Structures are given as C-alpha cells and as structure tokens.
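> what's the 3D shape of this:
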Amino acid sequence: MIQINIGMAFDLTKRTVGGWLSNKASEALNKIDNPIVRSGVGSIVNAIDPRILGAGQINDGNIFEAQYTRRATDLYNELNQVASPSNFITRDMFNSGQAESYDWRARLRPKRGGQDRFYSPQGGFSDYLMRPIKESNGLVWSNTPTVMQMSTANYNSHSGQGMQYPVRSYQDTSPADITVTGTFTANDIYEARYFLAMQTFLKIAVKGDFGDIAVAKQTAGSPPPVLLFEYLGDHGFNKVPVVVTSTSITYEDNVDYVPVVVNDTTTYVPTVAMVMVSLSPQYTPSKVRRRFDVGAIANGEAYRDGFI
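Coordinates of the predicted model:
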C-alpha cells in the first residue's frame, strides 16, 4: 500500500513538473522571433522523452521530485539561453539592413579592381551575358553545396640503421585546398540566365590572357585571376584569396534542357546539373610574412586576413 501511494504521489509530481516545464518551454520558444528557428527548436523540445531528465525510469521510484525538478529547471535554462536574441539574426536586424553581413551562402567573386575581366558589357548591350553574376556580386551557390577542406602537414622522415621508429622533422604545411560541389538549377528564366553566366564565369576563372589581342591590350601573359571565396560567415571562409584549379559541370542525358536567349544568341542549358569547383588558397608572400600568426588563428582574429 505504501509503495502504491508513493508511486501515485510521484506520478502526480511528475505530471505537475512536466506541465510546468511545458509552460516554461513555451515561454522560451515565444521569445524567438525567427519563425524558422522557433519551429526547429520547438520540434526538438517536443521530441524530448521525459525519461531523459532522470537517471532511470520515472515510474520505478529511482528518482525523486527534487532531482526531476532540478533537471527540468536546467533544461528550461538551456531553452532560455537558446532563445536569447543575441544568438539569432533578429527580424529588426533584417529590416535595418544588417542581414548583408550574415549572408553565409557560398560565393566566389573577383577582387576589387578585377571585375572588368568578368563583367565588361559586350558591344555596349545593357543585357549582357554576365549581368546575372554581377548583380549577385559574384558566383553564388543558391543551393547549399558540399564543401570539402583538406589541409596537410608535411614531415621529412629520418631513420638510422636498425631503428624501428623513424624521427620526423617538420617541413611545412600546405594550405587547405577547397572543393565546392553543388547543384545549379534552371527552373525559370532567371535561373537559366544565371546558369549560362555561371558557365562563362568558370571559363574565365581558369584562363590567362594570350595572343595578339592581348598584346594590343597590353595584358598578354596575365595569369588567371585571384578570386575571393566566402562561405559560412566570419569564422568560416571570410574573403579567402583563391585560384580556381579545376571545374567540372555534369550535363546529364536524363534531364530537360531549356533555351536561353541573350543578344540574339540562343543556348540550351540543363534544368539541373552538378557543378564542382576546386580552389587553392593564394596568399601573397608579403602578407604571409607580415600578417600570419598562429595565435591569431587561435583567438579568431586571423579571419580578418582570410587565413584558414
């Protein structure tokens, strides 16, 4: 009889604390202005099994009201911290124009002073081939891409006669190569125009200047341009100087193709295609010598100079 009374009492306590936690969670969620974030956090909260608040089964009497309440309070405090306006881009920040600094999409763009190589209008037309890329301030992956970053520390191996384990001496560290792979679509005329401009952008990015016309323009021998790669915000890839080492566009035979008309020319582009771009960081020797600092990477200041 005593066990039954304790179980009934604890069950009542559990329901009471559970109701209290639900109310507090709702209060925390209501503080989140961003509807997408609020929905995501709400889904996590709704999926929480009350049993995770204790070390054992709630109904077997292994935990008591104080422990249950303490764990519920901890979860409530975590929700309040997550719901703090400082952790999100608020609606006011969007309305005030601050959202530009939070554009974390992958972007590859020319450095200042190098835009004319990509964006010069052809024949004086205002509706020129590269106009969509210029309007988006560089090549933007509108669909979230897969980004692979690989860095290598190089060591020389030294071994003596009969040694079982060689001694390694540090040589250098190769900067992280970056591979960006994502899909581009052409579901409407704007996306189709953008796809065509993307193709042209990547062609220019891997070519130097050569020939009689380049001699006349005094640009002969100019190498492919150094571009800036941006992704994920300040401490992700922040204005990383890169050169494009290779590009790949897959033109599938099982998708539709749509026509794009620009200045009396017609080109067909696929409605969906996989695009892969390989990038290698390209820092100037003077910048590496004067500005590189391992401590700046550790404290987060190195992002200002594009170091990764």
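
> neighbours of the nearest residue to Ser248 once chain neighbours are set aside, how many?
What sits nearest to Ser248 in space, not counting adjacent residues and going by Cβ to Cβ, 6 or more residues apart in numbering, is Met276, at 4.3 Å. For every residue, glycine as well, the C-beta is placed using N, CA and C. Other residues near Met276 number 16, with proximity taken as other Cβ atoms under 10 Å.

> any idea how far Asp293 is from Met276?
In this structure, Met276 and Asp293 are 33 Å apart, going by Cβ to Cβ, to the nearest Å.

> and Ala298, helix, strand or coil?
Three-state assignment for Ala298 (DSSP: H, G, I helix; E, B strand; the rest coil): helix.

> tell me how many other residues crowd it.
9.

> state the distance from it to Phe307.
Applying Cβ to Cβ to Ala298 and Phe307 gives a distance of 12 Å.

> Leu196 too?
On the measure of Cβ to Cβ, Leu196 and Phe307 end up 35 Å apart.

> where does Phe201 sit, in terms of helix or strand?
Element membership for Phe201 (DSSP states H and E) is helix 189-205.

> could I get that helix in PDB with only the CA atoms?
Output of helix 189-205 as PDB, limited to C-alpha atoms (Å, rounded to 0.1, in the frame of the first residue of the first chain):
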ATOM      1  CA  ILE A 189      14.200  32.200 -67.000                       C
ATOM      2  CA  TYR A 190      16.300  33.900 -64.300                       C
ATOM      3  CA  GLU A 191      17.900  30.700 -63.100                       C
ATOM      4  CA  ALA A 192      18.500  29.700 -66.700                       C
ATOM      5  CA  ARG A 193      20.300  33.000 -67.300                       C
ATOM      6  CA  TYR A 194      22.300  32.500 -64.100                       C
ATOM      7  CA  PHE A 195      23.300  29.000 -65.200                       C
ATOM      8  CA  LEU A 196      24.600  30.400 -68.500                       C
ATOM      9  CA  ALA A 197      26.500  33.200 -66.700                       C
ATOM     10  CA  MET A 198      27.900  30.600 -64.300                       C
ATOM     11  CA  GLN A 199      29.400  28.600 -67.100                       C
ATOM     12  CA  THR A 200      31.000  31.700 -68.600                       C
ATOM     13  CA  PHE A 201      32.400  32.800 -65.200                       C
ATOM     14  CA  LEU A 202      34.100  29.500 -64.600                       C
ATOM     15  CA  LYS A 203      35.600  29.600 -68.100                       C
ATOM     16  CA  ILE A 204      37.200  33.000 -67.400                       C
ATOM     17  CA  ALA A 205      38.400  31.900 -64.000                       C
END
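
> show me which residues of it are buried.
Glu191, Ala192, Arg193, Tyr194, Phe195, Leu196, Ala197, Met198, Gln199, Phe201, Leu202, Ala205 (16 or more other Cβ atoms under 10 Å).

> of those, closest to Ala153?
Ala205 (28.6 Å; Cβ to Cβ).

> picking up where we left off before, now the helix holding Phe201: mean pLDDT?
Helix 189-205 carries an average pLDDT of 94.

> next structured bit after it?
helix 212-217.

> which strands or helices does that next one pack on?
Counting contacts by 3 or more Cβ pairs under 8 Å, 6 or more residues apart in numbering; DSSP states H and E, helix 212-217 is packed against no other helix or strand.

> I'd say Arg105 and Phe229 touch.
No: between Arg105 and Phe229 no contact is recorded; they are 11.6 Å apart, counting by Cβ atoms under 8 Å.

> count of neighbours near Gln171?
For Gln171, using other Cβ under 10 Å, the count is 10.

> revised request: answer the last question for Trp104.
Trp104, neighbours per other Cβ under 10 Å, totals 15.

> so it: helix, strand or coil?
coil.

> so who does it touch?
Trp104 makes contact with Tyr231, Leu232, Gly233, Gly236, according to Cβ atoms under 8 Å, 6 or more residues apart in numbering.

> quick check: closest non-adjacent residue to the last one.
Taking Cβ to Cβ, 6+ apart, and ignoring the residues beside it in sequence, Gly236 has Trp104 as its nearest neighbour in space, at 7.0 Å.

> for Val215, see how far away that neighbour is.
43 Å.

> would you map the strands across this structure?
107-110, 139-140, 146-158, 167-185, 227-231, 237-250, 257-262, 265-270, 272-281 (DSSP state E).

> so, low pLDDT: which residues of the stretch 51-200 of the chain?
51-102, 121-127 (pLDDT under 70).

> run the last query once more with 90
The model of the stretch 51-200 of the chain has pLDDT under 90 over residues 51-104, 112-130, 150-152, 160-164, 173-177.

> and the residue nearest to Thr183 when sequence neighbours are not counted, how many residues sit next to it?
Of all residues not flanking Thr183 in the chain, Asn143 sits nearest, at 5.1 Å (Cβ to Cβ, 6+ apart). Using other Cβ under 10 Å, Asn143 is surrounded by 13 other residues.
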